[in-house]
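[1] Coordinates for the following, if possible.
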Amino acid sequence: MKHSTYQQRNIGKTNLAEERAEEYLGMRGIEYIRFGFDEKNERIKRNVFFKIPEMLRGAPDFIVIDDESYFLETKGFRDTLKVKVNDLMNYDAWDRVMKLEFFCWDCDNDEPIRFPYAALKSKIFSQPMDQYPDNKKWHYTLSREVLSGIEG
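    Numbering: from 1, shown residues only. A predicted model of the protein is given here:
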């Protein structure tokens, strides 16, 4: 499995998953507001960003106001979705404040996969783990098939 650093993966890129989530919500007339940091646009310098507590750095990307309000975390992926182990603690905390859902953009098939965090949590611990070579952080690796099976 080929790994690249965060900077290599993101140099000069926009956050496609966030853009697709905004399109998805907008086309359905669902109200939302931007909530978390948009780290790809570097509105805050990287060396300053890491001085912010991890809980806040990991804030969900949007608050969605539909029949009920909920946080929406967006993630793009090719082949497999990677979810860092240390992010799960943040997701647990945010999910206690208000329901947390995921909008994952499948870049290979150009389509969304949506599911509630609770559904992800019920599957994730049985999935394979790997470690990023640049930051040594552990993550779970979820295949497209597993993600499709937890759609909410």
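[2] contacts and neighbour counts: CA atoms only from here.
    OK.
[3] so where's the protein uncertain?
    Residues of the chain meeting the criterion pLDDT under 70: 1-13, 38-43, 151-152.
[4] Break down it into its helices, ranges please.
    Applying DSSP state H to the chain gives helices spanning 6-10, 16-27, 46-49, 54-57, 85-97, 117-124, 144-149.
[5] Quick one: those as TSV, columns for distance to residue 111 and mean neighbour count too.
    As requested, the helices of the chain are exported to TSV (distance: least, C-alpha to C-alpha, whole Å; neighbours: other C-alpha atoms under 10 Å):
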stretch	distance to residue 111	mean neighbour count
helix 6-10	20	11
helix 16-27	9	16
helix 46-49	30	10
helix 54-57	27	14
helix 85-97	23	15
helix 117-124	18	16
helix 144-149	11	14
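[6] Including distance to residue 138, could these go into a markdown table?
    Below are these laid out as a markdown table (distance: least, C-alpha to C-alpha, whole Å):
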| stretch | distance to residue 138 |
| --- | --- |
| helix 6-10 | 14 |
| helix 16-27 | 22 |
| helix 46-49 | 21 |
| helix 54-57 | 16 |
| helix 85-97 | 6 |
| helix 117-124 | 13 |
| helix 144-149 | 19 |
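[7] Longest strand in the chain, by number of residues?
    In terms of residue count, the longest strand belonging to the chain (DSSP state E) is strand 69-77.
[8] Pull out the buried positions in that strand.
    For strand 69-77, a neighbour-count test (16 or more other C-alpha atoms under 10 Å) marks 70-77 as buried.
[9] Please apply the same query to stretch 132-152.
    Neighbour-count burial for stretch 132-152 flags 138-143, 146-147, 150 (criterion: 16+ other C-alpha under 10 Å).
[10] Using CSV, list the CA coordinates for stretch 56-72.
    The C-alpha trace of stretch 56-72 is given here as CSV (Å, rounded to 0.1, in the frame of the first residue of the first chain):
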residue,chain,number,x,y,z
LEU,A,56,-11.5,21.8,18.4
ARG,A,57,-9.2,21.0,15.5
GLY,A,58,-11.3,17.9,14.9
ALA,A,59,-14.6,19.8,14.9
PRO,A,60,-17.1,18.5,12.3
ASP,A,61,-17.2,20.4,9.0
PHE,A,62,-20.9,21.4,9.1
ILE,A,63,-24.0,21.8,11.2
VAL,A,64,-27.0,20.6,9.2
ILE,A,65,-30.5,21.8,10.0
ASP,A,66,-33.1,19.6,8.5
ASP,A,67,-35.9,17.8,10.3
GLU,A,68,-33.4,17.7,13.1
SER,A,69,-30.0,19.3,13.5
TYR,A,70,-26.8,17.3,13.4
PHE,A,71,-23.1,17.6,12.8
LEU,A,72,-21.8,16.5,9.4
